[in-house]
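J.: Return atomic coordinates for the entry below.
(one chain, ligands or ions: 1)
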Amino acid sequence: MACKNQNKPPLNSMPISATLPSSRRKSIGGHELSSHRRCSKLGADKMVGTGNVSGRMRLAFSIVNGEQELAPSSDPPSNAGSEYGANIEFTREDVETLLNEKMRYKSKYNYKERCETMLDYIRRLRLCIRWFQDVEGNYLFEQEKLLTALEFAEGRCAESELVLKNKEEELNLIIVELRKSLASLQDKLSKEELEKMAAIDSLSKEKEARTETEKSQASISEELGKVQGELQSANQRITSVNDMYKLLQEYNSSLQLYNTKLQTDLDMTHENLKRAEQEKVALVENLGNLRGQFKSLQEQYTSCKESADEALKQKDLLVSQVASLKGELQQVRDDRDRLTLQVQDLTAEVASYKEQSQKSNEFEEKYLLQNNEIRTLQYKLEAAESRLRESDMSVFETRTESEAQKQLAITLQSQLDDAEKKVVEGEQLRKKLHNTILELKGNIRVFCRVRPLLTDDGIGNDGKVLSYPNSLEALGRAIDLNQNGQKYSFSFDQVFAPEASQEDVFVEISQLVQSALDGYKVCIFAYGQTGSGKTYTMMGKPGQPEQKGLIPRTLEQIFQTREALKLQGWKYEMQVSMLEIYNETIRDLLSTNRDSFRDGTPNGKQYAIKHDLNGNTTVSDLTVVDVRSSREVSYLLDRAAHSRSVGKTQMNEQSSRSHFVFTLRISGVNESTEQQVQSVLNLIDLAGSERLSKSGSTGDRLKETQAINKSLSSLSDVIFALAKKEDFVPFRNSKLTYLLQVIMASEVVSSAKPCLGGDSKTLMFVNISPEASSSGESLCSLRFASRVNACEIGVPRRQANLRSPDYRFSLG
Ligand SMILES: Nc1ncnc2c1ncn2[C@@H]1O[C@H](COP(=O)(O)OP(=O)(O)OP(=O)(O)O)[C@@H](O)[C@H]1O
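T.: Sure, this is the predicted structure:
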């Protein structure tokens, strides 16, 4: 309780009269004074130094001590409280002073004085006690108040403890949560630490990279400097190139002049070529003659050799005869000598034996006979000797003649070799000139062929619509068409009038065919109105060998040349495929499954056209046949011809209702020179264009005609786009153009490696019907052909190399 009192407001700040009720003051017992004193002492301790109150205290103390004010008063205090009032306050010093006060007396034996002093002292003590009791009562009241406040505070404290407990629980929960989040945060932290480490790593790497980048930047800067230097020099070069460009422009104009000159030269070369060809023919003839001469000389030489051998044999015979005759002669001589001796003996005996005269006569006769015999033998010997001399002479002559013949044969052989060399050189020159001319002309060439009037064309349809200018430069190359009194002139690489035979036409394309064996991709196609002679030109007339068309002739030439080239070490492999495009559908003409094909239902094959970057076109599922002879190909052609879609129109009894594409893939290798060639020969007979009104088509025929006209119009769109060097060429508009894409695409317009653009040669036949009623169609065909003629395609490349080829069958 004492301690609680310490927390209370200081006693000296509380006026006793205001805080201490009188009833309370009375109930305080004297025995509690010591504790009250302690409290008072403590309260007085607290009051020490409070300046405000000290004035009042001093006043109260002086009153209690009664030194000045009380001293004069003589009234003894009856009651402490009533004597000095209730508002007397004490300080600690006052109380201590009061307690320590010593009684002083003027006279030791003045008891009255001593008693008064004592009483005064007691009165003051009482006052002090009263003050103390008041203070204590105050304290108790305050204590009670404080206890109530304490209880209240304790209640509040319990409440707040409850609240705090709740809060604590909440806080515990929060702490748990926080721990959890702390754990997760620690996880996060560790992760982030790791990330931080990684980031630090990457930072260091980045720093390194940055350093490197800085280095490279420095080097780039250096390079930049260099490049700028180079740029400057390049600028200088550009300036010089510009100068050069100007010079080149000048040079170009001079080249143009030169080109004009070259054109003239080209014409001359053309003539030279013709002359060379004539010379070649003459040489070939000469060669033939020389070969004849050589043969006859060889025969002469053999007969001379035989006669020389004969003469030698005769000579040997005669020598042996002479030897035997000489032997006989010797014997005869011996006989003669012996006979002479005998005659002598006999003559001697004649004398003695006259009777033997008869015998003697006989001997004489015999002798005469033998003499005659000897003479004849001598004649014979002489004759034999002269014959021997003669035969010696003839042997010598024959030998000389034989030597001369040998010499002649040698010179003829060398002449023959020279002639053959010249022929080879002439051939090479021809090829070169041929290719040069083709390159100069562009690789699409156009031949125009007019068919003769047929009996089916009808009477009155032979009005002169077409004419052929025969000026020197136009001869064989120009054609005029007269329509409604207007003349339209066209010129092509070659114009074949109606009388031109299949052979005449083939002669003109034979060199192109040769190109296929030389490694060029070759494409020949026939375009024209229905019934104008396309199939006749390409295939010929069935069953009439002299009228066979370009395709069989081409194959014959290819296989013949293949045989001839075998001597030079070339080996060729060939593959054939044939297809038709009918109503925008591809059909395999060599397919063995022809039944499903015929009734028009798909036979499960795709026949998808694919072009690769090497300029090869393939058709999936297409039958490909290896061929070794033209006879095999003829057989396949017959098979294909039977499978082709044909029908009768008003314009043509046997009209081809589809585009026919014959493909021969050639692959050659020369083992001695290790050269290889690959080429493709495409021979195409297009379906005929026709006007619906004129053809009178209906139903299926109408559908066919529409499909044909659509694909031909797509073909012309493609060719015109190529001629104009347009960026977009509508190859995909029809199966035909898509199939021929690589054949038609020029380097200028195609990003893929084009077949024709780079290494192919194309020839288009435009077939024309001569009858007047077809003049409109003919004009269209001729116009189209001249547009094609204007098409320029890149310089052809020969597909020859020393490496092994990526061999695949393809169209282009
Ligand atoms: N140069 C020619 N000499 C003789 N007859 C010819 C000649 N050209 C074409 N013919 C004949 O003309 C007729 C029609 O020719 P062909 O069938 O070749 O025409 P086409 O252009 O192929 O027709 P389609 O486009 O309708 O198939 C045939 O009877 C053919 O024999």
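
J.: For the ligand, what is the nearest residue in this protein?
T.: Residue of the chain nearest the ligand, by C-beta to the nearest ligand atom: Gly688 (2.4 Å). Yep, even glycine has a C-beta here, placed from its N, CA and C like the rest.

J.: how far out from the middle of the chain is stretch 633-641?
T.: 38 Å (C-alpha atoms, centre = their mean, to the nearest Å).

J.: before we move on, what about stretch 226-240?
T.: For stretch 226-240, the distance to the chain centre is 34 Å (C-alpha atoms, centre = their mean).

J.: try stretch 242-259
T.: 36 Å.

J.: Over to stretch 321-336?
T.: For stretch 321-336 - counting by C-alpha atoms, centre = their mean - the centre lies 103 Å from the chain centre.

J.: Show me what counts as buried in it.
T.: 321-322, 325, 328-329, 332, 336 (16 or more other C-beta atoms under 10 Å).

J.: which residues are contacting it?
T.: Under the criterion C-beta atoms under 8 Å, 6 or more residues apart in numbering, residues 370-371, 373-374, 377-378, 380-381, 384-385, 388 lie in contact with stretch 321-336.

J.: Just the buried subset of those residues, please.
T.: Here, 16+ other C-beta under 10 Å leaves 370, 374, 377, 381, 384, 388 buried among these.

J.: can you list the residues of the protein near the ligand?
T.: For the chain, the residues in contact with the ligand (C-beta under 6 Å from any ligand atom) are 451-452, 454, 528, 530-536, 541, 652, 654-656, 687-688, 767.

J.: Would you state the strands of the stretch 601-750 of the chain in chain order?
T.: In the stretch 601-750 of the chain, the segments counted as strands under DSSP state E, counting those that start in this stretch are 609-611, 617-619, 625-627, 646-647, 655-656, 659-670, 675-685.

J.: can you map out the helices along the stretch 401-550 of the chain?
T.: Ranges of helices in the stretch 401-550 of the chain, per DSSP state H, counting those that start in this stretch, are 502-518, 534-538, 550-566.

J.: next one: the lengthiest helix in the chain to chain centre, how far?
T.: Determined from DSSP state H, the single longest helix within the chain is helix 111-352. Distance of helix 111-352 from the chain centroid (C-alpha atoms, centre = their mean) equals 16 Å.

J.: same deal with stretch 387-406?
T.: That offset, for stretch 387-406, works out to 79 Å (C-alpha atoms, centre = their mean).

J.: buried residues in it?
T.: 388, 391, 394-395, 398, 401-402, 405.

J.: which residues are contacting it?
T.: 297, 300-301, 304-305, 307-308, 311-312, 314-315, 318-319, 322.

J.: Could you dump the helices of the stretch 401-550 of the chain into CSV with mean neighbour count and mean pLDDT added?
T.: What follows is the helices of the stretch 401-550 of the chain, written out as CSV (neighbours: other C-beta atoms under 10 Å; pLDDT from 0 to 100):
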stretch, mean neighbour count, mean pLDDT
helix 502-518, 18, 89
helix 534-538, 24, 94
helix 550-566, 18, 91
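
J.: I'd like these written out as JSON lines, with distance to Asn172 added.
T.: Listed next are the helices of the stretch 401-550 of the chain as JSON lines, based on distance: least, C-beta to C-beta, whole Å:
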{"stretch": "helix 502-518", "distance to Asn172": "100"}
{"stretch": "helix 534-538", "distance to Asn172": "104"}
{"stretch": "helix 550-566", "distance to Asn172": "104"}
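
J.: between the ones you listed, which one is nearest to Ile581?
T.: helix 534-538 (14.6 Å; C-beta to C-beta).

J.: Which secondary structure elements does that closest one sit against?
T.: Packing partners of helix 534-538 (3 or more C-beta pairs under 8 Å, 6 or more residues apart in numbering; DSSP states H and E): strand 521-528, helix 550-566, strand 675-685, strand 760-768.

J.: Tell me the one among the buried residues of stretch 321-336 nearest to Glu726.
T.: Checking the buried residues of stretch 321-336 one by one against Glu726 (C-beta to C-beta), the nearest turns out to be Gln321, at 99.2 Å.
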